[in-house]
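Visitor: Any chance you can model this:
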Amino acid sequence: MHFVQELWLPIVLAAGGVFVVSSILHMLIPIHRNDYVKLPSEEAFTSYMRDIGMPPGEYIFPCPESMKEMGTPEMIAKYKNGPVGFLTVMPNGTVSMGASLAQWFLYSMLISIFAAYLTHAALPPGSSYLSVFRISGGAAFLGYGVGYIPNSIWKGSAWTTSAKFVFDGFVYGLVTGGFFGWLWPDAVA
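Guide: Next comes the predicted model:
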């Protein structure tokens, strides 16, 4: 953990920079405005969910009991008739933006720590800005951006939505690489 003591400033500033840039991307620039759409007959749907006492969780429908059941004529018919999807149900109550933003900042700190670790393992003090930028920015991009792609592969999320989140991750990687490259320790004389 010596690298954290040595690189605490770029770790914190990169996480803070990503926090600010993500706020700009999500609040000021309307790039994510159409990522999600309203349910048709939303009130009837949510009323039904309340009536059956739907607990928070992640659901798939139709949901086979086993891989073997996926190939049965009954399950194939359910898939063909639809709808087919994933549903995330959160606990009731207002969404706490404060708690979510705090968790996002902690996640950004975690990504910055891993970027610091990988860059520190790969490069000595005094390395060039571009070398540090490439390693730390690439590591940050992997943490922020690439993880959204499986949502399109496995959960049917629109590829355009995943592409926008990958773009966000690319920008966050640039921010992280910039701070690490700027604040990378000089070579010991």
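
Visitor: which residues touch the closest residue in space to Gly169 that isn't next to it in sequence?
Guide: Spatial nearest neighbour of Gly169, excluding adjacent residues (CB to CB, 6 or more residues apart in numbering): Gly145 at 1.9 Å. C-betas here are computed from N, CA, C, even on glycine. Taking CB atoms under 8 Å, 6 or more residues apart in numbering, we find Gly145 in contact with 165-170, 172-173.

Visitor: which stretches of the chain form strands?
Guide: For the chain, the strands defined by DSSP state E cover 57-61, 85-89.

Visitor: Quick one, which of those strands gets closest to His32.
Guide: Ranking those by proximity to His32 (CB to CB) places strand 85-89 first, at 17.0 Å.

Visitor: circling back to that earlier point, same list, the contacts of Gly145, but as TSV with neighbour count, pLDDT and distance to His26 please.
Guide: What follows is the contacts of Gly145, written out as TSV (neighbours: other CB atoms under 10 Å; pLDDT from 0 to 100; distance: CB to CB, whole Å):
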residue	neighbour count	pLDDT	distance to His26
Phe165	22	96	11
Val166	18	97	15
Phe167	14	96	12
Asp168	20	96	8
Gly169	22	97	13
Phe170	16	98	15
Tyr172	27	98	12
Gly173	27	98	17
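
Visitor: can you tell me which of these lies nearest to Leu130?
Guide: Using CB to CB, the contacts of Gly145 come closest to Leu130 at Gly173, 14.2 Å.

Visitor: can I assume that closest one is in contact with Phe141?
Guide: Yes: counting by CB atoms under 8 Å, Phe141 is a contact partner of Gly173 at 3.2 Å.

Visitor: related to what we said a few turns ago, quick one: closest of the strands of the chain to Pro10.
Guide: Comparing these by their distance to Pro10 (CB to CB), the top pick is strand 85-89, with 34.4 Å.

Visitor: Pull that closest one out as PDB, backbone CA atoms only.
Guide: Listed next in PDB are the C-alpha coordinates belonging to strand 85-89 (Å, rounded to 0.1, in the frame of the first residue of the first chain):
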ATOM      1  CA  GLY A  85     -36.800  -8.900 -19.900                       C
ATOM      2  CA  PHE A  86     -35.000  -8.000 -16.800                       C
ATOM      3  CA  LEU A  87     -36.500  -5.900 -14.000                       C
ATOM      4  CA  THR A  88     -34.800  -4.200 -11.100                       C
ATOM      5  CA  VAL A  89     -37.100  -3.200  -8.200                       C
END
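
Visitor: helices or strands up against that strand?
Guide: Using 3 or more CB pairs under 8 Å, 6 or more residues apart in numbering; DSSP states H and E, the elements in contact with strand 85-89 are strand 57-61.
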